[in-house]
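> Here is the input, now give the coordinates:
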Amino acid sequence: MDFDLHGRPPFVPPPLLELDEWPPCSLGLDLHQENFQIEMALRLEFKTSNNQAEYEALIAGLLLARDMGVDNVICKSDSQLTVGHI
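Numbering: from 1, shown residues only. Now for the predicted structure:
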């Protein structure tokens, strides 16, 4: 492992979670960092609004990140409503 001049490991930004929705019932997420990338497409078994699909994508992405042991993520979405609530 590399260290900086003060003996600390270098700063590694948290993974980026990008969300997208394809109404009425599909959504996608992309969780990536420098050394890995996971893309998922999910189909919901119920019809949703754009905002609800964005929330479903956010929840699925956060659960995926948690299951991978990620403590912090940066979320990116085209939904101002969803991002404003985070």
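> Just the helices from this structure, written as ranges.
Ranges of helices within the chain are 50-67, 80-85, based on DSSP state H.
> Give me the neighbour count for the nearest residue to K76 once chain neighbours are set aside.
The shortest distance from K76 to any residue that is not its chain neighbour, by C-beta to C-beta, 6 or more residues apart in numbering, is 4.7 Å, and that residue is E18. (Each C-beta comes from the backbone N, C-alpha and C, glycine too.) Counted with other C-beta atoms under 10 Å, the neighbours of E18 add up to 17.
> Can you verify my assumption that E18 contacts Q33?
No - counting by C-beta atoms under 8 Å, Q33 is not a contact partner of E18; they are 12.0 Å apart.
> residues touching the most centrally placed residue in the chain, list them.
Nearest residue to the geometric centre of the chain (C-alpha atoms, centre = their mean): L17, 2.3 Å. Counting by C-beta atoms under 8 Å, 6 or more residues apart in numbering, L17 touches L29, D30, L31, L58, G61, L62, A65, V73, I74, C75, K76.
> and it, what are its bridge partners?
L31, C75 (DSSP bridges).
> Kindly report the same for M40.
For M40, the beta-bridge assignment (DSSP bridges) gives partners L29.
> for this structure, what are the low-confidence residue spans?
1-12, 22-25 (pLDDT under 70).
> Just give the number of residues close to S49.
That count, for S49 with other C-beta under 10 Å as the rule, works out to 11.
> And it, how close does it get to K76?
20 Å (C-beta to C-beta, to the nearest Å).
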